Every structure is written in C-alpha cells, then in structure tokens.
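Asks: I need the structure of the sequence given here:
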Amino acid sequence: MTDIIKGTVDYLCSWLPESLVAGAKETEKVVATEIKTVLPAAGMAFVRLAGLSGALAVSLGAYGAHVMIPSKADPQLIKVFETGNRYHMLHSIVLLAVPLTKRPQLVGSLISAGMLLFCGSCYFHALTGNAAYRQVTPFGGMLLIAGWISVMF
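Replies: Take a look at the predicted model:
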C-alpha cells in the first residue's frame, strides 16, 4: 500500500515546483503512517488476496465473454458461469474492506472460503459440464452469508 502512495507522490512531485516537493514528501510519510496505524496487519493479507482474486475474476470474465459465449456453449452453462463470475468480482471487492472490520481474520476467512466454494463450483460446472461439485455451491453461499453477518459483530 505504501508503495502505491510513494509512486503517486513521486509522480505528482514531478509536476510541482521544488519548494512544494519537500512538503509533499512529508505528507507521504504522514499518510503512510496513518494507513499502517488504521489498518490492522491481519487484514492486509486479505487486501492482497483481493488483488489476486480480482485479477482472476476479470481474466475469467474475459474468457467467458470472448471464448465461451462465442463458442455457442449451452446457455444454461453460460448463465452459471456468469453468476459465478459476478459473485467472484463482487466479493473480491468486498475483501478490500476486510481490514476495516472488527474481526478481519474471521470475516476474510468466511468470505474467501465462500468465494472458493460458491464461485469455484459454478466455474467448474460451467467449464466442464460436470455437475458433481454443484452440491457444494449452497455451502459456499452459506459461508458468504456468514461472512456478511460477521461484519456486524
């Protein structure tokens, strides 16, 4: 996170007069310190996981849109794939907020496990046509619900 801030400040400083650059560098230190103070380290792993998961969701979405749909796959399987992809992207974004919760380990673990079971079983079914693992989809959904409920506590 601090690397992103540093890169942004460096870029902005390239446009500023030298007199303002010193103040911007001090601001960078203060912002980085505040972020480290506000966000618990335990939840930061889920922010990284959100990045990986989001990239995977976009990649799979592109695959579905450019390979699966044009191949005239079964419309029902396309619908299953799109449902899994929609929930995957939504919950990848949710993982970004995990460090802000009271119990980030619990919330992040429930949502991550729910995504894996729910979205993973949807993807597997849609890509292979094999419905054997669709039995775990409701358990993934229940874990996602439990993750959302755990945000309250």
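
Asks: Return the distance of the residue nearest to the spatial centre of the chain relative to residue 132.
Replies: What sits nearest the mean C-alpha location of the chain, by CA atoms, centre = their mean, is residue 92, with 2.2 Å. From residue 92 across to residue 132, the span is 26 Å (CB to CB, to the nearest Å). In this view, the C-beta of every residue, glycine as well, is placed from N, C-alpha and C.

Asks: again, but for residue 64
Replies: Distance of residue 64 to residue 132, computed by CB to CB: 21 Å.

Asks: And the two? Which one has more around it.
Replies: residue 64 (19 against 10; other CB atoms under 10 Å).

Asks: pLDDT score for the more buried one?
Replies: What the model reports as pLDDT for residue 64 is 90.

Asks: And residue 43, by the same measure?
Replies: If you check residue 43, the pLDDT there is 80.

Asks: which residues touch the closest residue to residue 141 other than its chain neighbours?
Replies: Closest residue in space to residue 141, ignoring its immediate chain neighbours: residue 118 at 5.3 Å, by CB to CB, 6 or more residues apart in numbering. Residue 118 sits next to 84, 87, 137, 140-141, 143-144 when contact means CB atoms under 8 Å, 6 or more residues apart in numbering.

Asks: can you rerun that using 10 Å?
Replies: 83-84, 87-88, 91, 136-144 (CB atoms under 10 Å, 6 or more residues apart in numbering).

Asks: now the longest helix seen in the chain, how far from the chain's geometric center?
Replies: Using DSSP state H, we find that the single longest helix of the chain is helix 104-128. Distance, stretch centre to chain centre, for helix 104-128: 12 Å (CA atoms, centre = their mean, to the nearest Å).
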